[in-house]
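K.L.:
okay, here's the prediction I keep looking at, along with the sequence it came from:
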Amino acid sequence: MQFRFIVSSFVICFLLSGCSLMPNEIKNAEKIVDTYPDSALHILQQTHHSQKLSDADRALYGIVLFKALDKLEKNLQPDSVISFSVNYYQNTNDQLHLAQSYYYKARLLKNTQQFEKATEFYLKLLEVIQTKDNFEFAAKTYSDLGDICMMQADHKNALSKFKISYNYFLKLNNNTEINTELLKIGKAYRLMKKAKLARAYFDKLLLTPIDSIFKGDIYQELGVGFYYSSQFDSAKYYLNKSLLYPFKGTNYAIRNYVLADLYFDLNKFDSSTIFALNSLNYPANFYTRRGCYRILVNSRYSLKDNSGMKYYLSKYQDYNDSVRKLESQTKVSVLEDLHQNTKNTNQFQKYLILIGIFSFIILCIGFLFFFKLQSKSKTKDINLNKANETITKKTSLLRENLVRKIDESKTEKASLLKNKSIQEKEKAILEIYIQCLKLKKWNEYTELMNQTFENLIYNIETNYSDINHKEIIWICLFLLDVPLTDMALILESQIGSIYKLKQRIAQKMNLSSTKELESLLKSM
């Protein structure tokens, strides 16, 4: 009997130790992941991620796994693992792990170029850590948001994000990341066509102790900057020099791509083809690959290789479609505004809930508080109206951002055009509208206006097929409140002709007057 009891006790202890093994391994991996990510990943790979784990351990497993993968610069996957961590920590008070789950979920989405969703998680992360001195997450988040802004050609906003990230890394005294942000700041200035500022950052970095990978990145940026400044000899020197250095991510593909573009401009089509094909052999984003196929199409055309041109043209069109999808994603600046408005609305809704609870308690107390409840009810109505106004503002946010972008561009150029001739001023204003509204590319213009005015152009083309492009442009300019003089400039018409244009549109839409036309367009 005693022997049976001893054996039973031993079996129970063994089973209990087996059940607790995996959680302990996960916690051990969490302790060493910052210093030894490869060892942490090995531990996690030996830990079978199954139903034997509790929800808390599964959630922690996802964070530690993604942290190890991120530090080792491996693909962040699978999505279901980190999504479980996000869902779990959203229902707990563990703010640190919630912030980590948001960060790695955002990183996964950013790496797969789902910029809208990634931005939403980055903004949630910043909200979680805003009351804490978590400089590391703040620094990384602003740096990643800056990268997304760069991809969206919002260079001014990218510069702002990189500078914030740089200041956080200064507090962390992380020299590697400090230099990385300085390089990104220089790149942002280069894309903003502030070559001297950009060059100053690159030259400063070359004087600091840096590794060979980082030095190659600096030579790459110098070469790209010289290329876009049409200084081909200097560009060729630095780009070829950058090829001798090791690389990370998509940088090697970029170096070959810019060299391919450079040799094409020099009419050296064979060399251009070699570098373009070489670029395609390395990891690259859609923009770089599209650029390579553009070069290959043009090179084949110049060499009268029609079959090769047709092949590369189909590839170019595929990547062009992918880039168009990326460009249609909402920009970070817009999502930041929406997030802030939503946050304010949610806070207000919580306030309304508290008002309701308080009102209910007051009602239970008795008739003596009747008049006080009426006052609360009026306050509640006022607050509800404010909430409705906030929601209404959201729907017009895209239009306002577009109008603001145009106005800011005009303001920026106002001082430069102060002493210029009328013709030069008109040309500059027209260029602003062309860039902001994408007037030279009808497909992109249509996509932008449909997004801004809820498929307005699609509805007009569907219901009024005889309305032409010029008339559609006037409709959109009218809804953007573009001044009459600017309209005439864009439409290449006299101011007096604009009214006749409105009359023609009204007739095509079976309306009796231009006033009816204006009312109909605003309602649409």
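P.N.:
Arrived safely, thanks for sending. Residues are numbered from 1 along each chain as shown.

K.L.:
just checking, next helix/strand downstream of the helix or strand of the chain with the lowest mean pLDDT?
P.N.:
When each helix and strand of the chain is scored by mean pLDDT, DSSP states H and E, helix 2-19 comes last, with a mean of 43. Beyond helix 2-19 on the C-terminal side, the first helix or strand identified by DSSP states H and E is helix 21-32.

K.L.:
buried ones in that next one, by neighbour count?
P.N.:
Neighbour counts over helix 21-32 (16 or more other C-beta atoms under 10 Å) mark 22-23, 25-26, 29-30 as buried. Yep, even glycine has a C-beta here, placed from its N, CA and C like the rest.

K.L.:
so what secondary structure elements neighbour it?
P.N.:
Counting by 3 or more C-beta pairs under 8 Å, 6 or more residues apart in numbering; DSSP states H and E, the packing neighbours recorded for helix 21-32 are helix 37-46, helix 55-71.

K.L.:
quick one: closest of those to residue 405.
P.N.:
helix 55-71 (34.3 Å; C-beta to C-beta).

K.L.:
angle of the closest one against helix 37-46?
P.N.:
Interaxial angle, helix 55-71 versus helix 37-46 (axes from the mean of the first three to the mean of the last three C-alpha atoms, to 10 degrees): 140 degrees.

K.L.:
report the angle between the axes of helix 55-71 and helix 21-32?
P.N.:
Using the same axes, to 10 degrees, helix 55-71 lies at 40 degrees relative to helix 21-32.

K.L.:
can I get helix 55-71 in PDB, CA atoms only?
P.N.:
Backbone C-alpha positions of helix 55-71 (Å, rounded to 0.1, in the frame of the first residue of the first chain) are rendered in PDB as follows:
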ATOM      1  CA  ASP A  55      -4.100  32.000 -22.900                       C
ATOM      2  CA  ALA A  56      -1.600  34.000 -20.900                       C
ATOM      3  CA  ASP A  57       1.300  31.900 -22.000                       C
ATOM      4  CA  ARG A  58       0.200  31.800 -25.600                       C
ATOM      5  CA  ALA A  59       0.000  35.600 -25.600                       C
ATOM      6  CA  LEU A  60       3.500  35.900 -24.100                       C
ATOM      7  CA  TYR A  61       4.800  33.300 -26.600                       C
ATOM      8  CA  GLY A  62       3.700  35.500 -29.500                       C
ATOM      9  CA  ILE A  63       5.400  38.600 -28.200                       C
ATOM     10  CA  VAL A  64       8.700  36.900 -27.400                       C
ATOM     11  CA  LEU A  65       8.700  35.000 -30.800                       C
ATOM     12  CA  PHE A  66       8.100  38.200 -32.800                       C
ATOM     13  CA  LYS A  67      10.700  40.100 -30.800                       C
ATOM     14  CA  ALA A  68      13.300  37.400 -31.500                       C
ATOM     15  CA  LEU A  69      12.400  37.300 -35.200                       C
ATOM     16  CA  ASP A  70      12.500  41.200 -35.400                       C
ATOM     17  CA  LYS A  71      15.900  41.400 -33.800                       C
END
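
K.L.:
other residues contacting it?
P.N.:
By C-beta atoms under 8 Å, 6 or more residues apart in numbering, the residues outside helix 55-71 that reach it are 22-23, 26-27, 29-30, 33-34, 37-38, 40-41, 44, 47, 49, 53, 75-77, 81-82, 84-85, 88-89, 97, 100-101, 104, 107-108.

K.L.:
circling back: can you put the buried residues of helix 21-32 in CSV and add distance to residue 253 and pLDDT?
P.N.:
Formatted as CSV, the buried residues of helix 21-32 follow (distance: C-beta to C-beta, whole Å; pLDDT from 0 to 100):
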residue, distance to residue 253, pLDDT
22, 40, 54
23, 42, 71
25, 38, 85
26, 37, 87
29, 33, 87
30, 35, 87
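
K.L.:
any chance of the residues you listed in JSON lines, with distance to residue 167 too?
P.N.:
As requested, the buried residues of helix 21-32 are exported to JSON lines (distance: C-beta to C-beta, whole Å):
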{"residue": "22", "distance to residue 167": "41"}
{"residue": "23", "distance to residue 167": "38"}
{"residue": "25", "distance to residue 167": "38"}
{"residue": "26", "distance to residue 167": "34"}
{"residue": "29", "distance to residue 167": "32"}
{"residue": "30", "distance to residue 167": "29"}
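
K.L.:
which stretches of the stretch 301-450 of the chain have low pLDDT?
P.N.:
343-360, 363-364, 366-373, 375, 377, 381, 383-385, 387-395 (pLDDT under 70).

K.L.:
returning to what we had before: return the member of the buried residues of helix 21-32 nearest to residue 252.
P.N.:
Lowest distance from residue 252 to the buried residues of helix 21-32 (C-beta to C-beta) belongs to residue 29, with 32.0 Å.

K.L.:
now do the contacts for the closest one.
P.N.:
Contacts for residue 29 (C-beta under 8 Å, 6+ apart) come out as 39-41, 43-44, 47, 64, 68.

K.L.:
nearest to the middle of this protein, which residue? Look it up for me.
P.N.:
Residue closest to the mean C-alpha point of the chain, counted by C-alpha atoms, centre = their mean, is residue 148 at 3.7 Å.

K.L.:
which helices and strands sit right next to whatever helix or strand that residue lives in?
P.N.:
Taking DSSP H and E as the definition, one finds residue 148 inside helix 135-151. Of the remaining helices and strands, those touching helix 135-151 by 3+ C-beta pairs under 8 Å, 6+ apart are helix 95-111, helix 115-129, helix 155-172, helix 175-191, helix 332-365.

K.L.:
deepest of those helices, which one?
P.N.:
helix 95-111 (a mean of 22; mean count of other C-beta atoms under 10 Å).

K.L.:
now do the same contact list for residue 89.
P.N.:
Per C-beta under 8 Å, 6+ apart, neighbours of residue 89: 59, 97-98, 101.

K.L.:
again with residue 255
P.N.:
Per C-beta under 8 Å, 6+ apart, neighbours of residue 255: 220, 223, 239, 242-243, 247, 279.

K.L.:
poorly predicted segments of the stretch 51-200 of the chain, please.
P.N.:
51, 131-132.

K.L.:
let's see the helix holding residue 148 as PDB, backbone CA atoms only.
P.N.:
Written as PDB, here are the backbone C-alpha positions of helix 135-151 (Å, rounded to 0.1, in the frame of the first residue of the first chain):
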ATOM      1  CA  PHE A 135      11.500  56.000 -24.900                       C
ATOM      2  CA  GLU A 136      12.500  52.800 -26.800                       C
ATOM      3  CA  PHE A 137       9.000  52.100 -28.100                       C
ATOM      4  CA  ALA A 138       8.300  55.800 -28.800                       C
ATOM      5  CA  ALA A 139      11.600  56.100 -30.800                       C
ATOM      6  CA  LYS A 140      11.000  53.000 -32.900                       C
ATOM      7  CA  THR A 141       7.300  53.900 -33.500                       C
ATOM      8  CA  TYR A 142       8.100  57.400 -34.800                       C
ATOM      9  CA  SER A 143      10.900  56.000 -36.900                       C
ATOM     10  CA  ASP A 144       8.600  53.400 -38.500                       C
ATOM     11  CA  LEU A 145       5.900  56.100 -39.100                       C
ATOM     12  CA  GLY A 146       8.500  58.200 -40.800                       C
ATOM     13  CA  ASP A 147       9.400  55.300 -43.100                       C
ATOM     14  CA  ILE A 148       5.700  55.000 -44.000                       C
ATOM     15  CA  CYS A 149       5.400  58.700 -44.700                       C
ATOM     16  CA  MET A 150       8.500  58.400 -47.000                       C
ATOM     17  CA  MET A 151       6.800  55.600 -48.900                       C
END
